[in-house]
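> Fold the stuff below for me.
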Amino acid sequence: MSISKLKYPFYILLGTYACMIIWKLLHLNSFIHFYMDYFFLAVRRISLIVLHWIPFPVVYFILPMLVYLLVYFIYRTIKFKTVRAIKHLLCYMFGLYMSFFVFWGFVYSAPTISQQFSLSQQEVDESLIFSRLAQETKRLDSLNTLYHQQVALMGTVAMEHSVREALNAFLISHHLPVFPKVRVREIKSGLLLRLETSGVYLPYAFEGHYDAGLHPIQKPFTSCHEMLHGYGYGQESDCNFFAYLACRNSKSIELKYSAQMAYWRYLAGTCRRINSEKYRKFYSSLSQNILSDLQSIREKHQVYKPILGSFKDRFYDWYLKSNGVKDGIKNYSAFINMVESWRLKYPEEFVDF
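Residues are numbered from 1 along each chain as shown. Below you'll find the predicted structure:
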């Protein structure tokens, strides 16, 4: 039977109404508890059985299929101009919208890491942030030496395994749930970087992704960030924060250096915004090894020219805010404050390697 002959798929609307009724009848905390502890776990296990054995990124056929169906229904609506065609188009679009929440989107309503661990909002003033930057630069220098002593970097499979191992060890040490194997795939160079992002988690594919065009230094941290989305963490700052801690405390120098570089660049960006003149003087004092890595990272990004410009930031800011992330894209850098709060609560985790 062709798609055009399908009966009106009322079961999608029925499922939608059921979700809405559950949402209204149950207290939000009860619903999220059920979703995270039972339903989301079941979804992850099913996706592991059905999709994760595929030897290439699932997004390569999932995304084209979703786009093809959208174009198909739009074409039928324009061509036939019937109520039936309009119903099919609306139902498909509504189904995409609701399946996003069913497969993953409800995690935005789950308690944040700051709420789970009762982290206070540690104020970061100019004196503290520049002092922290100087301290973390010393650690970055030490890791830089060890990192560049490695002749060969890990391949994609080995890196994914190493990141998962470090993340699981960190989560278990803090009595947090570890979900079934979450895949993070490397996709073709430039597909994400031209959209001005280094990684993305696609709920319809149940996988995280990072761009192959990223500098090798950036890949482990980005991979860990996207893997955390698959573990049910929606806030960008939460994923940055736990990715930093997990990689920082791993046994791999490659993961340690990747996390340290990511954290250092967030610190540096904050310092530059607070006092650009003071930051320029500090930047001129950096070692040649660090400057060389920073330049190498910039050159890698410059290869891929952005195609969306400021629209991407506006759209993503709207997307995050509409899903309960109040500070939008600024949420990414909020993990600097979280690190300071965590440092006060767990100082033993910040003992130098």
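> does the residue nearest the centre of the chain sit in a helix or strand, and which one?
In the chain, the centroid-proximal residue (CA atoms, centre = their mean) is Glu226; its distance is 3.7 Å. According to DSSP states H and E, Glu226 maps onto helix 219-230.
> Show residues contacting that helix.
44, 104, 159-160, 162-164, 166-167, 179, 182-184, 186, 198-201, 206-210, 214, 238-240, 242-244, 246-247, 252, 254-255, 258-259, 261-262 (CB atoms under 8 Å, 6 or more residues apart in numbering). C-beta coordinates here come from the backbone N, C-alpha and C atoms, glycine included.
> just the helices in the stretch 101-250 of the chain please.
Ranges of helices in the stretch 101-250 of the chain, per DSSP state H, counting those that start in this stretch, are 113-116, 126-148, 156-173, 219-230, 236-248.
> How many residues are close by the closest residue to Tyr92 other than its chain neighbours?
In this structure, Tyr92 finds its nearest non-sequential neighbour in Phe73, 5.1 Å apart by CB to CB, 6 or more residues apart in numbering. Applying other CB atoms under 10 Å, we find 21 residues neighbouring Phe73.
> Could you double-check that Phe73 lies in contact with His88?
Yes: the criterion here is CB atoms under 8 Å, and Phe73 meets it with His88 at 5.5 Å.
> pretty sure Val163 contacts Val182?
No: counting by CB under 8 Å, Val163 does not reach Val182; the two are 10.0 Å apart.
> what about stretch 214-221, distance to the chain center?
Mean-position distance between stretch 214-221 and its chain equals 14 Å (CA atoms, centre = their mean, to the nearest Å).
> ditto for stretch 297-305
Centroid displacement of stretch 297-305 relative to its chain, using CA atoms, centre = their mean, is 20 Å.
> who's in contact with it?
189-190, 193-194, 213-215, 217-218, 261.
> what does stretch 168-187 give?
Contacts for stretch 168-187 (CB under 8 Å, 6+ apart): 37, 40-41, 44-45, 48, 52, 56-60, 156, 160, 163-164, 206-212, 219, 223, 226-227, 230-232, 242, 245-246, 249-250.
> That one: end-to-end distance?
Across stretch 168-187, the terminal residues are separated by 24 Å (CA to CA, to the nearest Å).
> how about it: buried residues?
168, 170-171, 179-180, 182-187 (16 or more other CB atoms under 10 Å).
> quick one: low-confidence parts of this structure?
Along the chain, segments meeting pLDDT under 70 span 1-27, 151-152, 308-333, 352-353.
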